[in-house]
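Q: just coords:
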């Protein structure tokens, strides 16, 4: 009788432990969903958002590879915006028709598939695995929906250790899929607004450059050089975005400079140069009048400051000069030296780089010049096919 009681007690304890474990798993899943949801919905930058989603999903499901397809409605295709894993770069080259392959089937049907071995599924496209040289087995594929409309497909491949994706993985992903969809919609909207703003700013920059036919494309080139330097410096996406706006509009104040001065086919005299120098303050005034552009005033106002304090318009010195302005100063000078004007021929690349290095520590920030050198080296290698 005692043994029976003991066995019954043991069974009850085991059942209670199982219930507690199951509840703990559910609680952990809910907490994780909230954490992931908070993380991804707080990020509206398109590319960084997608990377954040994929890194989180891959880590939480312990998968070897993870991909997010977005739907191209016009072409009725799925394409990879982000693919993480050993073969990520090769995977991103692939496009699928809606209805084609497992991801295409999920996009068409709008339901989740959790397949133990895709090699036994007729929908699996073996040629994709051969193309990227990646053996696929366990695969969890789910639609990303916004207002009952499938806008993408999330796919996780090969659980590490050779096991299959379990019910927890499936529920976890389905639980955050709606949050992913909302975040994606917000990111897409942000990207469209960002592109619209860049187009408007680029048009304005082109209008500024058009005032001086000899510097056509100057603002765009300065922006390209500045962004290359910024990347070498390790600037974040948001910092690079702001630098992009500053580069495009660094000469916006030239709108207020007389064409006779801008288009003069000879060096400026002292009076004309004094007038030209006012374009930095005019740029400050123009950008300061637009609320959404106040954060990029530094590029227009301070890009003619010099590291030793002898520049204009405020005579700032060293780190007193905003970093973006120090970057633009180098990019602006390089483009000015390599551009042909009516009264002088543009300098060769090597000579212009040598001149910029010669004035490091006086006119330019030495650290910025160092990163400029690295950026220019990569540019030359890319252009030469090295």
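A: Received it, and whenever you're ready, just let me know what you need. What you see is a predicted model, and the numbers here were worked out from it, not measured in a lab.

Q: quick one: terminal-to-terminal distance for stretch 289-305?
A: 22 Å (CA to CA, to the nearest Å).

Q: I'd like the numbering to begin with 435 instead of 1 from here.
A: Okay, residue one is now 435; in that scheme the one you just asked about reads as stretch 723-739.

Q: residues in contact with it?
A: 676-677, 679-681, 683-687, 711, 714-715, 717-718, 720-722, 745-750, 755-756, 758-760, 762-763, 766 (CB atoms under 8 Å, 6 or more residues apart in numbering). Every C-beta, even on glycine, is put in place using the N, C-alpha and C of the backbone.

Q: and the helices in the stretch 635-784 of the chain?
A: For the stretch 635-784 of the chain, helices defined by DSSP state H, counting those that start in this stretch occupy the ranges 652-666, 671-682, 693-696, 704-711, 713-722, 731-736, 757-772, 783-792.

Q: strands along the stretch 485-634 of the chain, start to end?
A: In the stretch 485-634 of the chain, the strands defined using DSSP state E, counting those that start in this stretch lie at 497-506, 511-518, 529-531, 547-549, 573-580, 583-593.

Q: name every strand pairing with the first one and say which way it goes.
A: Here strand 497-506 has these sheet partners by DSSP bridges: strand 511-518 (antiparallel), strand 583-593 (antiparallel).

Q: lowest average pLDDT across those strands?
A: Mean pLDDT is lowest for strand 511-518 among these, at a mean of 74.

Q: can you name the residues that contact residue 540?
A: With CB under 8 Å, 6+ apart, residue 540 has these contacts: 546, 547, 575, 576, 577, 587.

Q: ugh, wrong one, residue 546
A: Applying CB under 8 Å, 6+ apart, the residues near residue 546 are 540, 574, 575, 576, 577, 604, 607, 608.

Q: looking at the residues you listed, which has the most residues close by?
A: Neighbour count (other CB atoms under 10 Å) singles out residue 575 as the most crowded of the contacts of residue 546, with 27 neighbours.

Q: closest to residue 643 among the contacts of residue 540?
A: Taking CB to CB as the measure, residue 643 lies nearest residue 587 of the contacts of residue 540, at 43.3 Å.

Q: now do the contacts for the closest one.
A: 502, 503, 505, 512, 537, 540, 541, 575, 576, 577, 578.

Q: and of these, the nearest to residue 488?
A: residue 502 (5.8 Å).

Q: can you pull up the bridge partners for the closest one?
A: Note on residue 502: beta-bridge partners by DSSP bridges are residue 516, residue 588.

Q: for the protein, which spans come out with low pLDDT?
A: Along the chain, segments meeting pLDDT under 70 span 435-481, 515-517, 519-527, 560-567, 647-649, 819-820.

Q: state the distance from residue 788 to residue 807.
A: Look at residue 788 and residue 807: by CB to CB, to the nearest Å, they are 10 Å apart.

Q: which one of these two has more residues nearby?
A: residue 807 (16 against 11).

Q: mind listing what's buried along whichever strand or helix holds the more buried one?
A: For residue 807, the element it lies in under DSSP states H and E is helix 800-818. Buried residues in helix 800-818, counted by 16 or more other CB atoms under 10 Å: 802, 803, 805, 806, 807, 809, 810.

Q: let's have those residues in a markdown table, adding distance to residue 596.
A: Below are these laid out as a markdown table (distance: CB to CB, whole Å):
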| residue | distance to residue 596 |
| --- | --- |
| 802 | 50 |
| 803 | 52 |
| 805 | 45 |
| 806 | 50 |
| 807 | 49 |
| 809 | 45 |
| 810 | 48 |
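
Q: now, which of the residues you listed sits nearest residue 772?
A: Distances from residue 772 to the buried residues of helix 800-818, taken by CB to CB, are shortest for residue 810, at 10.9 Å.

Q: I'd assumed residue 787 was in contact with the closest one.
A: Yes - at 5.8 Å, residue 810 counts as touching residue 787 under the criterion of CB atoms under 8 Å.

Q: where do the contact lists of the two overlap?
A: Residues touching both residue 810 and residue 787 (CB under 8 Å, 6+ apart): none.

Q: TSV for the strands paired with strand 497-506, including distance to residue 486?
A: Formatted as TSV, the strands paired with strand 497-506 follow (distance: least, CB to CB, whole Å):
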stretch	distance to residue 486
strand 511-518	10
strand 583-593	13
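
Q: among those, which is nearest residue 491?
A: Closest approach to residue 491 among the strands paired with strand 497-506 is made by strand 583-593 (6.5 Å; CB to CB).

Q: could you give the angle of that closest one to strand 573-580?
A: Angle of strand 583-593 versus strand 573-580, following axes from the mean of the first three to the mean of the last three CA atoms, to 10 degrees, is 160 degrees.

Q: the residue lying closest to residue 511 once chain neighbours are set aside: neighbouring residues, count only.
A: Nearest residue to residue 511, sequence neighbours excluded (CB to CB, 6 or more residues apart in numbering): residue 529, at 5.0 Å. Neighbouring residues of residue 529 were enumerated by other CB under 10 Å; the total is 13.

Q: what's near enough to touch residue 529?
A: Here residue 529 is in contact with 511, 512, 513 (CB under 8 Å, 6+ apart).

Q: what residues sit buried inside stretch 586-594?
A: Buried residues in stretch 586-594, defined by neighbour count with 16+ other CB under 10 Å: 586, 587, 588, 589, 590, 591, 592, 593.

Q: what of stretch 660-670?
A: 660, 661, 662, 663, 664, 666, 667, 669.

Q: same list (those residues) but as JSON lines, adding distance to residue 771.
A: Listed next are these as JSON lines, based on distance: CB to CB, whole Å:
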{"residue": "660", "distance to residue 771": "15"}
{"residue": "661", "distance to residue 771": "19"}
{"residue": "662", "distance to residue 771": "17"}
{"residue": "663", "distance to residue 771": "16"}
{"residue": "664", "distance to residue 771": "20"}
{"residue": "666", "distance to residue 771": "20"}
{"residue": "667", "distance to residue 771": "22"}
{"residue": "669", "distance to residue 771": "24"}
